[in-house]
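Visitor: sequence first, then the predicted structure, then my questions.
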Amino acid sequence: MQEQEKIEDMDLDVLTEIANIGAGNAVTALSQMISNKIDMHVPQVKMLTFSELSEILGGPEALVAGIMVSLDGDIEGYMLFMMENDAAHHLVNQLMGQPGQEKEEEGFSEIAQSALTEIGNIITGAYLNSISKMTALQITTSIPYLAIDMAGAILSVPAIEFGKLGDKALLIESRFCDMDIDLSGYFIMIPTMESYHAILSALGIG
C-alpha cells in the first residue's frame, strides 16, 4: 500500500500525461473506425480502489460493456475499456452505419457484440501502442474478451487477480462527443507494481 501511495503522490502528473496521449490516439482510431469526427475532453486520471471504480461507473449493479485484455511482456496486468450500455449501443450503430437506430431490448446481437469487441480491440491497441512508443517497452496483449454485465462483476476479475498486490487501479475517464451526444468511456489500466516502476523508470523517473 505504501508503494501505491508513493506513486499516487509523486507520479500522477506523469501518468496523466501518458493518459492524455494514449486517450487521444485511441479517440483518433475510433473516429477513423466510425468515419465521424469525435471531440474529446481532457481525460480525468485518478488512482482508485476497485470499489470506487464501480461507483464511477454508476454503481456495482450498473450495466456496462467492458472489453478486457491481459498485458504481458515488459508490462504485465490488465487493460479494460468500459462504457455505459447506451453509449456502447450508440457507437456500435455508428460503426454499422445505423446511426439513430434504437437499441435492442434484449441487448446486443451477435454482430453487434463482434463490432463492439473490434471497437475495444482497436482503441485499447492504439492506447497501448502510444505507451509503448513513449517508454520503448514491449507490450503484448491477449485476445480481447467482451463482457456485457454489471460493473462490479466485470471488475471482480482483475480485483481478484491483483488483490494480493494492492487494491488500486489507474482510471482514465475519457469523455468524448459524437454528433453532439456526450459519451463517457473509461480506460482502466491495472499493471502490477513492477510494471508501474518499469513505466516510470523508462521515462527517467524513480
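Guide: Alright, I've got the coordinates.

Visitor: where does Lys46 sit: helix, strand or coil?
Guide: Lys46 falls in the strand class when you classify it by DSSP: H, G, I helix; E, B strand; the rest coil.

Visitor: host element of the residue nearest to it when sequence neighbours are not counted?
Guide: Distances taken as Cβ to Cβ, 6 or more residues apart in numbering place Leu171 nearest to Lys46, at 5.0 Å, with adjacent residues excluded. Placement of C-beta: from N, CA and C, glycine included. Leu171 belongs to strand 168-178 when assigned by DSSP states H and E.

Visitor: contact partners of that strand?
Guide: 4, 8, 15, 19, 22-23, 26-27, 30, 34, 36, 38-41, 43-50, 53, 56, 90-91, 94, 158, 162, 182-191 (Cβ atoms under 8 Å, 6 or more residues apart in numbering).

Visitor: can you select the buried ones among those for me in PyMOL?
Guide: The following PyMOL line selects those of the contacts of strand 168-178 that are buried, judged by 16 or more other Cβ atoms under 10 Å:
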select buried, resi 4+15+19+22+23+26+27+30+34+38+40+43+45+46+47+48+50+53+56+90+91+94+158+162+183+184+185+186+187+188+189+190+191
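
Visitor: mind checking the longest helix of this structure?
Guide: The residue-count maximum for a helix in the chain (DSSP state H) belongs to helix 110-135.

Visitor: state the mean pLDDT of the next helix-or-strand element following that helix.
Guide: Using DSSP H and E, the helix or strand that directly follows helix 110-135 along the chain is strand 139-141. Strand 139-141 comes out with an average pLDDT of 93.

Visitor: which other helices and strands does strand 139-141 contact?
Guide: strand 63-73, helix 110-135 (3 or more Cβ pairs under 8 Å, 6 or more residues apart in numbering; DSSP states H and E).

Visitor: run the last query once more with 6 Å
Guide: For strand 139-141, the packing partners by 3 or more Cβ pairs under 6 Å, 6 or more residues apart in numbering; DSSP states H and E come out as strand 63-73.

Visitor: packing partners for the strand it packs on?
Guide: strand 77-84, helix 110-135, strand 139-141, strand 145-150.

Visitor: Serialize these to a markdown table and add fields for mean neighbour count and distance to Leu63.
Guide: As requested, the helices and strands packed on strand 63-73 are exported to a markdown table (neighbours: other Cβ atoms under 10 Å; distance: least, Cβ to Cβ, whole Å):
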| stretch | mean neighbour count | distance to Leu63 |
| --- | --- | --- |
| strand 77-84 | 24 | 8 |
| helix 110-135 | 18 | 14 |
| strand 139-141 | 18 | 25 |
| strand 145-150 | 16 | 6 |
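
Visitor: out of the ones you listed, which is closest to Leu200?
Guide: Leu200 lies closest to helix 110-135 among those, at 9.1 Å (Cβ to Cβ).

Visitor: and that closest one, what other elements does it pack with?
Guide: Counting contacts by 3+ Cβ pairs under 6 Å, 6+ apart, helix 110-135 packs against helix 12-34, strand 63-73, strand 77-84, helix 85-95.

Visitor: now do it: distance to the chain's middle.
Guide: Put simply, helix 110-135 sits 9 Å off its chain's centre (Cα atoms, centre = their mean, to the nearest Å).
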